[in-house]
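A.B. asks: Predicted coordinates and the sequence they were generated for:
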Amino acid sequence: MANHLNGYIDSEFDKSIKLLNAMSADVALRELLARVVTLSVEALKRGNKLLFAGNGGSAADAQHWAGELVSRFNFDRPGLAAIALTTDTSILTAIGNDYGYDYVFARQVEALGRSGDLLFAISTSGNSKNIVRAIKAARDAGIGVIGFTGQGGGAMAELCDVCFRMPSGETPKIQEGHEFLGHLICGLIEYEMFTDAKG
Ligand SMILES: O=C(CO)[C@@H](O)[C@H](O)[C@H](O)[C@H](O)COP(=O)(O)O
Ligand SMILES: [Zn+2]
């Protein structure tokens, strides 16, 4: 590796290690995690579902997390009801073209969401209009909202039932925090849902 790249690499390692250390030491974060797992397990057990939405890298998170739940995470068990609102290009392009990109998630929340479902809304800025609109649509429909954002919180922070604010203002680092939490939450939901079956 060329020497001049090492400064950048060191700095990235340093920031990621600090982020995870800060998250690990945050007692309030553990309380939020417990709340989200309880809300999710209750929703799934009564036949509701989890919806996921985000833009760019957060769209990847949305479909990644839904995939873990519908398929499997740490062990074999029945699939869990989770839908990413980021994957159907016909739906996304129709809504984007006919109503505007700000509506691509809200319209799907209105169409697919049912009272008692949960929306996982992911936005590093907390200000993406399509995410804020989706959150408002969810609230109007009796759907609880779990938010994932950065330290600023943005417009979405005060609209969520539970909001995870990563201790960073840098989009990629915020995303790394989200990705860690996403895996943690999938693992915890699976564990809580299937404790008897996991062996
Ligand atoms: O993955 C990245 C940056 O790491 C980008 O694709 C990023 O997700 C996009 O710029 C998004 O549009 C940012 O939106 P948001 O997180 O502020 O809602
Ligand atoms: Zn990225």
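C.D. replies: In hand now; what should we look at? Ligands and ions are numbered 1, 2, ... in the order given.

A.B. asks: what does the chain put close to ligand 1?
C.D. replies: Within the chain, the positions near ligand 1 by Cβ under 6 Å from any ligand atom are Asn55, Gly56, Gly57, Ser58, Ser123, Thr124, Ser125, Ser128, Ile131, Thr171, Pro172, Gln175. (Each C-beta comes from the backbone N, C-alpha and C, glycine too.)

A.B. asks: and the first one, how many neighbours does it have?
C.D. replies: The reference is to Asn55. Asn55 is flanked by 20 other residues according to other Cβ atoms under 10 Å.

A.B. asks: which strands and helices sit next to the lengthiest helix in the chain?
C.D. replies: Under DSSP state H, the helix in the chain containing the largest number of residues is helix 171-193. In this structure, helix 171-193 makes packing contacts with helix 6-24, helix 27-45, helix 57-70, strand 144-149, strand 162-165, judged by 3 or more Cβ pairs under 8 Å, 6 or more residues apart in numbering; DSSP states H and E.

A.B. asks: Contacts for that helix, please.
C.D. replies: 15-16, 19-20, 23, 33, 36-37, 40-41, 44-45, 57-58, 61, 64-65, 68-69, 72-75, 77, 80, 122, 124-125, 148-151, 164, 166-168, 198 (Cβ atoms under 8 Å, 6 or more residues apart in numbering).
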